[in-house]
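# Predicted coordinates and the sequence they were generated for:
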Amino acid sequence: MDPHLLRTYVTVARLASFSEAARELGYTQSAVSQHIAALEQDLGAPLLTRRPVAPTPAGERLLEHAGPLLLRLDAARADVTRMATAPEHGLSLAVTPTAFGPHVLAALPPAGVTLSVLPRDAVPAAVATGTADLGLVDGLAAPSDPLPLPDVAPLTARGVTEEPVRVLLPAAHPLAHRPGLRLGDLADARWLDAPDAGLPLVQLRAACGGHGFVPSLRYDGTDLRVLTALAAAGHGLTLLPQTLAAGVPGTAAVPLVEPRVVHRTDLVLAGTPRGAAARAAEALVGRAEGAERSERPDRS
């Protein structure tokens, strides 16, 4: 399957227009039509209806494969290019909103940094394709358990931080003065669905056997201030790491005592970092390893 034809198909399906796809890709409309026809001939199935322009059932199935396939090709190109070129002086770092904290600030060089706050799924892809030198992803995990990584490229992850989690709710909420809360008792509460700003509800469901946690409001954004303002106004509960939940005006941050999970942040790398990226990676992971050693009991 020709990846150029596949990219053309994905663009036409996304824009639902041959002419718009031609404009975006820099082709003539006739060339786009030829690409789609050649791909349909190669696969032996119609992929698009023409009026309106929409994927057929076979085309929908191809779209499910196309994203990971094209991302893998971009990752391969970036990986080879990364090995063949000299290290840059700057550092590009992609983070999720809840992965950014004091440990990140302490590891950043004084200049030459490009920091991107991205949705969770976009961070590994940014590292894989070379858009970012390093990435920081986060989520709920059992203590000392690494976070799963998508199969988009030969990526590696190294632990950076683990910290307790808090349930963020309005200060006047009946549960606000509890010393601790069990997640299972909150499965039927009103929750904020903010997969890119807070900890995703799918992770909460997984921690409670895969049920409950029906959202009362969905927030598609990465601004933590919006998320905490929604929680303070009573639109729903959210779960945040301890450092980000503390001191939010109009809210109470109650410890989660069951199940025994932590907020974990992992550093994502593709290959061996060099230059500023290597120094930042060493600082991030070195702080984590130093903290781990300091918590171990003295057996002498």
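Ah, there it is.
# Quick check: what element follows the host helix or strand of L70 along the chain?
Secondary structure assignment for L70, by DSSP states H and E: helix 57-84. Next helix or strand after helix 57-84 toward the C-terminus (DSSP H and E): strand 91-95.
# The closest residue to D121 other than its chain neighbours: neighbour count?
With sequence-adjacent residues excluded and distances taken as C-beta to C-beta, 6 or more residues apart in numbering, D121 is closest to P150, at 7.2 Å. C-betas here are computed from N, CA, C, even on glycine. Other residues lying near P150 total 15 when counted by other C-beta atoms under 10 Å.
# The helix holding L70 - contacts with which helices or strands?
Contacts defined by 3 or more C-beta pairs under 8 Å, 6 or more residues apart in numbering; DSSP states H and E place helix 57-84 against helix 3-15, helix 122-128, strand 262-270.
# Switch the ones you listed over to CSV; also include mean pLDDT.
CSV is the format used below for these (pLDDT from 0 to 100):
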stretch, mean pLDDT
helix 3-15, 90
helix 122-128, 90
strand 262-270, 94
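# Just tell me which of the ones you listed ends up closest to A187.
Closest of the helices and strands packed on helix 57-84 to A187 is strand 262-270, at 19.4 Å (criterion: C-beta to C-beta).
# what's the angle from that closest one to strand 91-95?
Strand 262-270 and strand 91-95 are oriented at 140 degrees to each other (axes from the mean of the first three to the mean of the last three C-alpha atoms, to 10 degrees).
# before we move on, the earlier item: a helix runs through the residue nearest to D121, doesn't it?
No: looking at P150 with DSSP: H, G, I helix; E, B strand; the rest coil, it is coil, so not inside a helix.
# Surely it is in contact with P124?
Yes: with contact defined as C-beta atoms under 8 Å, P150 reaches P124; the gap is 5.4 Å.
# Ignoring the adjacent residues along the chain, who's closest to T156?
L269 is the one closest to T156 (C-beta to C-beta, 6+ apart), at 5.3 Å.
# Could you check how far that neighbour is from L93?
With distances taken as C-beta to C-beta, to the nearest Å, L269 is found 11 Å from L93.
# just V123 next, same as before
Distance, V123 to L93, by C-beta to C-beta: 10 Å.
# Residues that sit against both of these two, list them.
Residues touching both V123 and L93 by C-beta atoms under 8 Å, 6 or more residues apart in numbering: 132, 135-136.
# Nearest to S116 among those residues?
Checking these against S116 by C-beta to C-beta gives A132 as the nearest, at 6.5 Å.
# contacting residues for the closest one?
Counting by C-beta under 8 Å, 6+ apart, A132 touches 92-94, 116, 123, 126.
# could you list every residue that touches the residue nearest to D121?
Residues near P150 by C-beta under 8 Å, 6+ apart: 121, 124-125.
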